[in-house]
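S.K.: The sequence and its predicted three-dimensional model are supplied below.
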Amino acid sequence: MVNSSSFDLVDNHPFTEIYHLFDRFRNGVWLVGIPSWLFGAFDRVTAAFADGYVSAIEFIHFVTAILFLLGWLYLRPKPDAGFEATLLQQYPLTGLEKTYLETAQSRMAELQDQHMIHQEYVLPFSYVCQIYHLLNLKHLESVHSFSLNNLRVIQVNQMQPTDIGGSIKFQTTLDSPFNALRVWRQPVVEVDLTLHTPFTVELSIPVYSGKRMTVMFNAIPLNQTQHKLFIDIYSDLKWYKPLLQLLLHAASCLTLFEDLPYLQKLANRKIHRLVQLDRIPNSETMWLFKRFAALYGSTIAPTQVIEPAEQH
C-alpha cells in the first residue's frame, strides 16, 4: 500500500500550464492530420485502380499521397521528455517512486531491441480514467468494437497478484469472419495484461509462430484533470520495419480516437468513485482494476465532477 501522499501532485506554474496547452494543440493538429492523409491516400489508391488500369498520372497521384502520409507520420511532434523525466518532475524520488521507475525501466529495457514506435500525448482527463480503461477487459469489446472488429473476451485463465500490481491472462476470439486480424493471428489466442506499477500497464498479444506484439502504456498524472500518456509498441515480427511502423502508428492513433469519447464520459463522473472497491464488479474481467483500487484507491483524492467547461 502506498503512502497517501504518493499521488499528491506538484502545483503547476502558469508557464507550465501554457506549455501544456501548446503541447496539446500541437499534438491535436498532428492527430487530426493522420486520418486526413489516410483518407487522401486511400482515395487516390482506389481511384487509380477503379478502372483496372493505372495511368502514369494516377500512379504519381497515389504515390505522392502515400509519401505525404509517411512524411506526416515522421513529423510527429518531438517528445520533450520521456516518462522517466515526467515521473521525476511530478514526484520526489522516494523509495516507492524509485521502485515504480526501476520496474518500468527494467521491463522496457528487456524489450528495447524490438522497439517499433513511440507516441505521447497530454490528455485532458484524470489519470484514473486512463487506468480504468486500460484494465477493464470488456472495453476491448465495446470501446474498440470498430478497430478490433467484434473481438470478444471469452475466458480469463489466470490472475496473479504482485506486491505493486498484478497480471492476468485471458482468451480472445475473433467473432467476425471478416475480421482483418484473421490474416495474422489464430481465431483464439491468450493475451497477457500486466499492471507493473500504478503508472505502467503492459499488453502482450501473440501474433503467429511464437511472435508477439507488446504495448507498454505509461500514464503519469499531471494534475487532477490531466495526464500524460506514453505508448511504446514492440514486436519481433520480421516484417519490413518502415511499413510495420506506419501500420502501428495508424492503428495506435485510431484506438486513441476511439478512447477519447469514453474517457470524456468517465471524466464527467466523480473520479474517486471509480476506485471504491464496493462499486467495482466482482467479475474476472475487472479483477486487475480491482487490484489497482485495492493497492492505490485510498490515495485518489475525492474530486468534484469534472465538467467539460472546467477542463484546461
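M.R.: Good, I have the coordinates.

S.K.: Mind picking out the helix or strand in this protein with the poorest mean pLDDT?
M.R.: helix 83-90 (a mean of 61; mean pLDDT, DSSP states H and E).

S.K.: And the next helix or strand past that one?
M.R.: Sequence-wise, the next helix or strand downstream of helix 83-90 (DSSP states H and E) is helix 95-111.

S.K.: partners of the helix or strand that that next one is followed by in the sheet?
M.R.: Next helix or strand after helix 95-111 toward the C-terminus (DSSP H and E): strand 115-123. Using DSSP bridges, strand 115-123 pairs in its sheet with strand 226-235 (antiparallel).

S.K.: Averaged pLDDT, the strand it pairs with. What do you get?
M.R.: Mean pLDDT, computed over strand 226-235, is 90.

S.K.: and what of stretch 293-309?
M.R.: In the prediction, stretch 293-309 has an average pLDDT of 60.

S.K.: try stretch 130-148
M.R.: Mean predicted lDDT for stretch 130-148 stands at 79.

S.K.: ok, and what's touching that stretch?
M.R.: With contact meaning Cβ atoms under 8 Å, 6 or more residues apart in numbering, stretch 130-148 is reached by 123, 150-153, 156, 168, 170, 172, 179, 181, 193, 195, 198, 201, 203, 217, 219, 227, 229, 251, 254-255, 258-259, 262-263, 266, 274, 285-286, 288-289, 292. No exception for glycine: its C-beta is placed from N, CA and C like everyone else's.

S.K.: what do you get if the cut-off is 7 Å, keeping everything else the same?
M.R.: Identification of contacts with stretch 130-148 by Cβ atoms under 7 Å, 6 or more residues apart in numbering yields 151-153, 170, 195, 201, 217, 219, 227, 229, 251, 254-255, 258-259, 262-263, 266, 274, 285-286, 288-289, 292.

S.K.: can you check stretch 152-163 too?
M.R.: By Cβ under 7 Å, 6+ apart, the surrounding residues in contact with stretch 152-163 are 137-138, 140-141, 166-173, 175, 190, 284-285, 287, 291.

S.K.: Restricted to strands, list those.
M.R.: Among the contacts of stretch 152-163, DSSP state E puts 166-173, 190 in strands.

S.K.: and residue 278, how far is that from residue 294?
M.R.: 12 Å (Cβ to Cβ, to the nearest Å).

S.K.: Just give the closest residue to residue 216, not the sequence neighbours.
M.R.: Closest residue in space to residue 216, ignoring its immediate chain neighbours: residue 232 at 4.5 Å, by Cβ to Cβ, 6 or more residues apart in numbering.

S.K.: sorry, back to before: could you flag which of the ones in strands among the contacts of stretch 152-163 are buried?
M.R.: The neighbour-count test (16 or more other Cβ atoms under 10 Å) marks 166-170, 172 as buried among the ones in strands among the contacts of stretch 152-163.

S.K.: Now render these as JSON lines, adding distance to residue 51 and pLDDT.
M.R.: As requested, these are exported to JSON lines (distance: Cβ to Cβ, whole Å; pLDDT from 0 to 100):
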{"residue": "166", "distance to residue 51": "56", "pLDDT": "95"}
{"residue": "167", "distance to residue 51": "53", "pLDDT": "95"}
{"residue": "168", "distance to residue 51": "51", "pLDDT": "95"}
{"residue": "169", "distance to residue 51": "50", "pLDDT": "94"}
{"residue": "170", "distance to residue 51": "47", "pLDDT": "89"}
{"residue": "172", "distance to residue 51": "40", "pLDDT": "82"}
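
S.K.: ok, those residues vs residue 210, which is closest?
M.R.: Residue 210 has its nearest neighbour among those in residue 169, at 16.4 Å by Cβ to Cβ.

S.K.: so that closest one touches residue 192, yeah?
M.R.: Yes: assessed by Cβ atoms under 7 Å, residue 169 is found in contact with residue 192 at 5.6 Å.

S.K.: what residues are shared contacts of those two?
M.R.: With Cβ under 7 Å, 6+ apart as the test, residue 169 and residue 192 reach no residue in common.

S.K.: confidence score at residue 24?
M.R.: Looking at residue 24, its pLDDT is 61.

S.K.: let me fix that: residue 177
M.R.: Here, the pLDDT recorded for residue 177 equals 53.

S.K.: Pull out the buried residues from stretch 52-65.
M.R.: For stretch 52-65, burial by neighbour count (16+ other Cβ under 10 Å) applies to 58, 61-62, 65.

S.K.: From those residues, pick the one nearest residue 38.
M.R.: Nearest to residue 38 among these, counting by Cβ to Cβ, is residue 65 at 9.5 Å.
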